[in-house]
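A.B. asks: Whatever this is, show me its structure:
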Amino acid sequence: MYSVNDVVVYGSFGVCRITAVEKRDLTGTEQEYYILKHLGSDSSVCYVPVNNEKALSKMHSVCTRAQVDELISYMGTGELIWIDNEIKRKEEYSRIIKGDDKKELIMLVRTLYLRRRELTENGRRLRITDENYLSLAEKMLFEEFAYALGIEQSEVAGYIEQHI
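C.D. replies: Residues are numbered from 1 along each chain as shown. Here you go, the predicted structure:
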């Protein structure tokens, strides 16, 4: 159970502060909700039903600095997630984005970085779908890492490079 003022990550919505736990009627039935306010935007608010296990499974505490460093060290040793079949690749990348496994997410970023570099060296570009998955995965990871490390989101890539 989370409390008011806890900072959590909620799926791809990002790093949020729980501003209240209130009963609301948002679906025709009154129930209790965590009210999450995105730390990067005063106007972004999300309502998470307290008794909905599926919704709650997307919410977790922010990583610690030690956990971030462990994930970064894993980045250099984990297996790449490139799939040649575009349809299967989209399915797998979508599953990773929707999931809660940060190791898979960080390996997705590494895979797409390396693939983009390989294609660039051959005068080609990464497909727009893959670029979109890369951007979303970076946003999800970098926002949480920045909060955990106490740095700006724009500094996270440099931090990762220094620690690989």
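A.B. asks: where in the protein is pLDDT low?
C.D. replies: Within the chain, the stretches with pLDDT under 70 are 164.
A.B. asks: in it, which residue is closest to the centre?
C.D. replies: Residue closest to the mean C-alpha point of the chain, counted by CA atoms, centre = their mean, is residue 140 at 2.6 Å.
A.B. asks: Could you verify my assumption that that residue touches residue 105?
C.D. replies: Yes: using CB atoms under 8 Å, residue 140 is in contact with residue 105, at 6.4 Å. (Each C-beta comes from the backbone N, C-alpha and C, glycine too.)
A.B. asks: the helices in the protein, which residues?
C.D. replies: Ranges of helices in the chain, per DSSP state H, are 53-56, 65-75, 86-98, 102-121, 128-149, 156-163.
A.B. asks: wait, which of the ones you listed is closest to residue 4?
C.D. replies: Nearest to residue 4 among those is helix 53-56 (16.1 Å), distances taken as CB to CB.
A.B. asks: Run a quick neighbour tally on residue 133.
C.D. replies: When neighbours are counted by other CB atoms under 10 Å, residue 133 registers 23.
A.B. asks: ok, the nearest residue to the residue nearest to the centre of the chain once chain neighbours are set aside - contacts?
C.D. replies: Sequence neighbours aside, residue 12 is the residue nearest to residue 140 in space, at 5.7 Å (criterion: CB to CB, 6 or more residues apart in numbering). Taking CB atoms under 8 Å, 6 or more residues apart in numbering as the criterion, residue 12 is in contact with 97, 98, 136, 139, 140.
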